[in-house]
Every structure is written in structure tokens, then in C-alpha cells.
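> Make a model of this:
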Amino acid sequence: MRSLAGRLALTHLLVVLIAVAAMDALVLVAFERLALHQRQVAAFTETNIAVNLVEPYYRPGCPPLESSPGLLEVVRSYATQSGSRVLALDGSGRVVADSMSPAGYTGRTLTHPEVAAALAGRSASRRRYLPTSGWVLYTVAPVLQDKRPVGAVFLATSLADVTQGLAGVARTMVLGSLAAVLVAGLAGVAAARSVTGPVVRLTRAVERMGRGDLGQRVAVRGRDEVATLTRAFNEMATRLQEEDERRREFLADVAHELQTPVAAIRAMAEPMAAGDDPSAPRQADGSDLEVYREFAREMAGQAERLGRLVGDLLELARLESPKVRLTCEEVDLADLARGVLESLRRDAEAAGVDLRAGSLEPVLVVGDGLRLEQVLVNLVTNGLRYAGAGRTVRVDVSREGGEARLRVADDGPGIAPEHLPHLFERFYRVDRSRSRRGGGTGLGLAIVKRIVELHGGSVSVVSRPGEGTTFEVRLPAARGPVKMS
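Predicted coordinates:
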């Protein structure tokens, strides 16, 4: 059976069947023991009555037992009254009177263990199976004279009524058990379907997702483990759909970003290619050569931009790969900031921006020095690009508690609030036309965010239009202090 619901229902049915069968067996055994105990008590009572009836014939001075007609008459009369076979035995275990005479056991010596027990002074009983009579209960009680056994009375009582009664009880219990098993089976099927129904729906949803339909969701019912699994699936499906949408947007942005320089290069290359035609008109003063040079410079600029874009894409892909590895060491953020400020001094002068070192508190972090330098270079370059001439970009390093904080602030035009949540998204630009003229690829802040996250830190931005922008990077600080030289 391949169906999970079928296997669950079958397992449930087998468990119920085994439990019901075990319960029926225990109940039948208990009924049998109770019935046999009651029959045994009644048989002992009847045997003791028979002993009292035949005891006068065992007294001294009475005729021999085997020739006493009164003893045989008492035995037969009581056998009729009790419905049992009654035998009177002498002190040696020999039958002196049998209620079934003359075809009985008269004259035979009985060697049954219960007879031996009775001749020793103890009443005894035992159940036996006879091929001709079925189950029979033997009960033997001693006949006492002066507290000494001088004989015994043997009662053989049929247990057919007990057996038939137990058979009737068994039939009733079997019918009841079958009805219970049927109801339990139906309940098991319903329960199995209720359990496997969500699993089946989940399976179908997963299959559809495997075929590319990421909009699949499964209704959550209840609070059990299956409901928890369903909620986890829905959350996973939502994240996958969001990631797929981001991937599509990313591909569209990449195509758009690549299309711009490629189209520009093509637009400049076509007239140049046309100028190679010997029949094309040429200026005598050589001005066409200057045009070609201008085209060549523009093409080189676009090619450089294209190269930066491809490089940033490859860098971001490496950083987002699960196989990315960091070369970790102790890094002093203050020294790192001084090095970056020195290396970007000329760029700041060219942009007309005052690049300053603020409070540079020595703080150690454990991380990849080259990657952390890349973070600071991207943030400072971003500030130089967008602050504007005559503005200031300031870098501060400090330690607060167990965190190292790196701030890059400018007093430029600032950023509108609606743009702040999207600044670290790939290819997001506040002013697209201005960003392209400035040479940005739109990936710098996404790279910053990824590197900081790989170091177990976070990056945030605070900005108000007309008041400037501050980027803050928080990283786990190393425990050891920095020794000043």
C-alpha cells in the first residue's frame, strides 16, 4: 500500500484489532475463571452434602459398604438431585457404590490424585477433559470417623453448561469487537485523511513550485506539527517568491545597466566605421580626426564604466556565494581609516570636497582587512561623489561597549526619507541620471552591506534633506585593547 493515509489507517486498524483481541482474551479468561470458581464452590458444597448423607453407612457395626442397598439408593437419589455422577469409596479408594450401577465403576479402585488427597483427609477438585463427555469437574471429599478418613465421596459434574455459556459470551464479544473494529477502522481512515490531507496538499504545492509556480500557498488549519510545517512552507514559498522577484529585477537592472554603455559605444562606433569608407567626405583641416578622438575618448569612458559594472557584479556574486571565505586577522579601524583617507585625498581635491579625519579612536576588530578597507573606500567615495563641491566628508572611529563604530558623514544635500529603506538594494539610485554621470554602478552600497554582514555587523544610514547624510557601520570589537605606540 503506497498511500500514506492507507498505511496509517491499516496500522491503526491492526493496533485496534490486536488491542480488542487481547482484551477479549483477557475478559474470556476472567469469565472462565469466575465461572469455574463458582462451579467449584457449588461442587464442594454438593460433595459435602453427599458426605453427610452417606456418612451413617460408614459407622462401625453397619453392614459392609459394597452390600449395603441403602448406600446405593442414597447415592442414586442424590445423583438425580444434583445432576452429577456420585461415587462412594471405601478407605482404600475402591468404589463401593456408583450412581450409574450396574454399568458403573463398582469394585474398581480409583487412583486419581484428588482421590488420594481426600483419603489423606483433604478435599480436592480437578478439571478433566473426557473424549465422550467433554470437560468434567471432579470433586472428592473425605468421609471422617473420629476425625479419621474412612472413605470418600466422588462427584463428577459436567461443565458443558459452563462451556456453552462461555461460547455464547465469546460470540457476543466477537460480534461487539467486530463492530468496534469497524468503527475504529472508519475513524482511522478519517483520522489518517485528516492528517495526510495537508501533507498531500503540501506535496502538490511543492510539485507545482518545482515546475516554476512560486505563488503556491497552503491553508493552515490547527496548531499541530502539520500546521507548523504548513506555516513554514508558506514562509519559505514567500521568501522564494520574493527572492525570485529580486532575481528578475536584478537581471532586468543588469540588462539595463549594460545596455546603456553598449548602446553608447555602438552609437559612436558606427560613424567611426562609416568614416573608414574612402569615399566618405573629409575635412581639409583635419577636424574629422578630432571628432574621432572625441568618440574614442567617449568609448573608452563607457568601456571603463562597463568594466567597473562587470567587476562589481562579479564581486557581489563572490560575496553572496555560500563558498565565500574571509581572511580574518586583527584590524585597527583607526589605522585603516587613516590609510583610506590618505589614498582618497586626491579624489577629494578633484571633487572640491574637504575630506577630514574626525575622532579616530584605536579599536581592534577581527576581520578581513582588505574587505573592511573596501567598505570604507565605498562609503567615502560615495560621500565624495554626492556631497558636492565645497562640502565636507568626515570619518570617525569609536568604540561603544562591545562594538566598534565607523561613521562616514557629509554635509551634502541629504536624501529624502522615501529613499532610505532602499539605499542598500542593488542598482538602486536616488538620482539615476546624476549617478550615471558620476560613474557609479549602483552596487557599491549593496557590496558594503554584504561585507559588513559577513563580519557579523550591521550598516545603517541617517539622512535629512539639506542636513547631510551619515552612514554608520557596527562591528563586534575585539576584546584586547590597542596599545598606543
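> ok, then the element right after the worst-scoring helix or strand of the chain on mean pLDDT?
Counting by mean pLDDT, DSSP states H and E, the chain has its least confident helix or strand at helix 432-438, which shows a mean of 48. Tracing the chain C-terminally past helix 432-438 and defining elements by DSSP states H and E, one meets helix 444-454 next.
> Would you mind listing the buried residues in that following helix?
For helix 444-454, burial by neighbour count (16 or more other Cβ atoms under 10 Å) applies to 444-452, 454. (C-beta placed from N, C-alpha, C; glycine too.)
> following it, which helix or strand comes up?
strand 458-464.
> I'd like the mean pLDDT over that next one, please.
For strand 458-464, mean pLDDT is 93.
> Name the residues of whatever helix or strand comes next after it that are buried.
The helix or strand immediately downstream of strand 458-464 is strand 468-476, counting by DSSP H and E. For strand 468-476, a neighbour-count test (16+ other Cβ under 10 Å) marks 468-475 as buried.
> ditto for stretch 58-77
58, 65, 68, 71-72, 74-76.
> quick one: which of the residues you listed is nearest to Q374?
Nearest to Q374, judged by Cβ to Cβ, of those is V75 at 118.2 Å.
> Report the buried residues of stretch 384-392.
384-387, 391-392.
> oh sorry, the question was meant for stretch 163-179
166, 169-170, 173, 177.
> Adding distance to R371 and secondary structure, write these out as CSV.
Shown next, in CSV, are the buried residues of stretch 163-179 (distance: Cβ to Cβ, whole Å; DSSP: H, G, I helix; E, B strand; the rest coil):
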residue, distance to R371, secondary structure
L166, 86, helix
V169, 84, helix
A170, 82, helix
M173, 78, helix
S177, 73, helix
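> Now tabulate those in TSV and tack on distance to A334 and pLDDT.
Shown next, in TSV, are the buried residues of stretch 163-179 (distance: Cβ to Cβ, whole Å; pLDDT from 0 to 100):
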residue	distance to A334	pLDDT
L166	96	87
V169	94	87
A170	92	87
M173	88	86
S177	84	85
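> Can I get the buried residues of stretch 384-392 in a markdown table including secondary structure?
Rendered in a markdown table, the data for the buried residues of stretch 384-392 read as follows (DSSP: H, G, I helix; E, B strand; the rest coil):
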| residue | secondary structure |
| --- | --- |
| L384 | helix |
| R385 | helix |
| Y386 | helix |
| A387 | helix |
| R391 | coil |
| T392 | strand |
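> Return the member of those residues nearest to L202.
Distance to L202 across the buried residues of stretch 384-392 (Cβ to Cβ) is lowest for Y386, with 48.5 Å.
> correct me, but that closest one touches G412?
Yes - with contact defined as Cβ atoms under 8 Å, Y386 reaches G412; the gap is 5.9 Å.
> Overlap of the contact sets of the two?
Taking Cβ atoms under 8 Å, 6 or more residues apart in numbering as the contact rule, Y386 and G412 both touch T469.
> could you say which helix or strand contains the residue lying farthest from the centre of the chain?
Computed with Cα atoms, centre = their mean, the residue of the chain farthest from its C-alpha average is G61, at 92.0 Å. Using DSSP H and E, G61 sits in no helix or strand.
> from the buried residues of stretch 58-77, which is closest to A348?
Of the buried residues of stretch 58-77, the one sitting nearest to A348 (Cβ to Cβ) turns out to be V75, at 133.8 Å.
> The closest one contacts L89, doesn't it?
No - look at V75 against L89 with Cβ under 8 Å: they stay out of range, at 10.9 Å.
> Return the closest of the buried residues of stretch 58-77 with respect to G107.
L65 (11.5 Å).
> okay if I get the buried residues of stretch 163-179 as a markdown table plus distance to V331?
Shown next, in a markdown table, are the buried residues of stretch 163-179 (distance: Cβ to Cβ, whole Å):
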| residue | distance to V331 |
| --- | --- |
| L166 | 89 |
| V169 | 87 |
| A170 | 85 |
| M173 | 82 |
| S177 | 77 |
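> now, which of those sits nearest G93?
Once Cβ to Cβ is applied, the member of the buried residues of stretch 163-179 that ends up nearest G93 is L166, at 32.8 Å.
> Contact partners for the closest one?
The contact partners of L166, by Cβ under 8 Å, 6+ apart, come to 28, 31-32, 35.
> For PyMOL, write the select line for the buried members of the residues you listed.
Buried members of those can be picked out in PyMOL with the line below, counting by 16+ other Cβ under 10 Å:
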select buried, resi 31+32+35
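> Pipe the contacts of L166 into a markdown table and attach pLDDT, secondary structure and distance to R318 per row.
Converted to a markdown table, the contacts of L166 look like this (pLDDT from 0 to 100; DSSP: H, G, I helix; E, B strand; the rest coil; distance: Cβ to Cβ, whole Å):
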| residue | pLDDT | secondary structure | distance to R318 |
| --- | --- | --- | --- |
| L28 | 88 | helix | 76 |
| F31 | 87 | helix | 80 |
| E32 | 85 | helix | 81 |
| A35 | 89 | helix | 86 |
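> Go through the contacts of L166 and name the one nearest V363.
Nearest to V363 among the contacts of L166: L28, at 83.4 Å, using Cβ to Cβ.
> right, and that closest one touches V174 too?
No - using Cβ under 8 Å, L28 makes no contact with V174, being 10.0 Å away.
> Wait, H12 touches A184, no?
Yes - contact criterion Cβ under 8 Å: H12 and A184 qualify, at 7.1 Å.
> Between those two, tell me which one has more neighbours.
A184 (20 against 17; other Cβ atoms under 10 Å).
> Just confirm the more buried one is within a helix.
Yes - under three-state DSSP, A184 falls within a helix.
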